[in-house]
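A.B. asks: pasting the sequence and the predicted coordinates here, then a few questions.
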Amino acid sequence: MLRLPWFEYRSPRSVAEAVKILAGEGPQAMLVAGGTDLLPNMKRRHQSPKVLVSLRAVDELRKLNGSYGAGLTLAEVVAHPGTPGALRHAAAQVATAQIRNMGTLGGNLCLDTRCTYYNQTEEWRKAIDYCLKKDGSVCWVATASKRCVAVSSTDTAPALIALDAKVTLVGPGGEREIPVESLYNNDGIDYLSRKPDEVLSAIVIPSSWKSVYWKLRRRGSFDFPLLGVAAALKMDGDVVADARIALGAVASRPFRIEKAGEFLKGKRLTDEVIAEAATLVANRAKPMDNTDMDLYWRKEVADDFAGYALKELRGDDMGAIRLRTARYLPG
């Protein structure tokens, strides 16, 4: 049985109080909301904070008043009638119903990066020698790499990037607002630009985007994404006025495909236009061999999934394909 290490538990009642604790305790303190990512990591000794600062009792993080509080559970995000399509699709496909009832929107945005060599028990990692991400000096995926290539596996981030959303970060110096895409670094270890003494408090999502999210995973529930494609459009009649497409789970950060978005502007969503845009998306997908399934096949299906997303936004009935791709396996 894997047991949690000893830690001190703090339960602030406000964001300001949480920030004060983080600033006072320094690197030995970590935030925890639903705990669906951090607590399993602590059991495997990926992280061993001396102080856990719980956000469960901070009511201001659960508000829906023009923005989404970071403490809203994923189930609450799905249930809210005003949630944009891409974010609803993404949140609804995170893990299982039990985890969605515990896991939070802010927690999913800050999800630790993942890798075959990292997401193992302490004894397993020790037996092969530790990796670059934790206690070692070599990346076992790309041994010549000087940076960790662990993969970003958040579902909600690519959806929010496509929606041009922003996050609010609160620290000792006050609040700052940044685009969701700017929250991430292309580094499997230092993957967030959020400072250690900052709390991600809210997400602001512009309206008027029509959006969808498509996810590839081995099983139709529970699994992390092997590919996430989010697309958002603004239409002027049947012509694309603006477009944003984002990818997840193919790098150490989720990111936007600017060329595909620019290509779609001013065009009608014909089969030919969708195929060309999907190719531009797939060209940016560069998965590594550190998660499930063949990396070359995962790159190939990025083209398919981008096409599915754009066809759904065009108005095609994609229900049967969505059902089939819930278990989308090679062959």
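C.D. replies: Cool, the structure landed.

A.B. asks: what about Thr113, how many neighbours?
C.D. replies: Neighbour count of Thr113, defined by other Cβ atoms under 10 Å: 25. From N, CA and C alone the C-beta is placed, and that goes for glycine too.

A.B. asks: sketch out the low-pLDDT regions of the stretch 201-331 of the chain for me.
C.D. replies: Within the stretch 201-331 of the chain, the segments meeting pLDDT under 70 span 327-331.

A.B. asks: again, only this time at 50
C.D. replies: Along the stretch 201-331 of the chain, segments meeting pLDDT under 50 span 328-331.

A.B. asks: now do the helices in it.
C.D. replies: For the stretch 201-331 of the chain, the helices defined by DSSP state H, counting those that start in this stretch occupy 258-264, 271-284, 295-314, 319-325.

A.B. asks: which among those helices is found nearest to Thr96?
C.D. replies: helix 319-325 (18.2 Å; Cβ to Cβ).

A.B. asks: can you tell me which helices and strands that closest one packs against?
C.D. replies: Here helix 319-325 is seen to pack against strand 210-216, helix 295-314 when contacts are counted using 3 or more Cβ pairs under 8 Å, 6 or more residues apart in numbering; DSSP states H and E.

A.B. asks: most tightly packed of these?
C.D. replies: Using mean count of other Cβ atoms under 10 Å, the stretch among the helices and strands packed on helix 319-325 with the largest mean neighbour count is strand 210-216, at a mean of 25.

A.B. asks: elements contacting that strand?
C.D. replies: Against strand 210-216 (3+ Cβ pairs under 8 Å, 6+ apart) you get helix 85-92, helix 156-162, strand 227-236, helix 295-314, helix 319-325.

A.B. asks: one more time with 7 Å
C.D. replies: Contacts defined by 3 or more Cβ pairs under 7 Å, 6 or more residues apart in numbering; DSSP states H and E place strand 210-216 against helix 85-92, strand 227-236, helix 295-314.

A.B. asks: who's in contact with Thr104?
C.D. replies: Ala33, Gly34, Ala70, Gly71, Leu72, Thr73, Leu74 (Cβ atoms under 7 Å, 6 or more residues apart in numbering).

A.B. asks: just put the helices and strands packed on helix 319-325 in CSV and tack on distance to Ser252.
C.D. replies: Converted to CSV, the helices and strands packed on helix 319-325 look like this (distance: least, Cβ to Cβ, whole Å):
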stretch, distance to Ser252
strand 210-216, 18
helix 295-314, 15
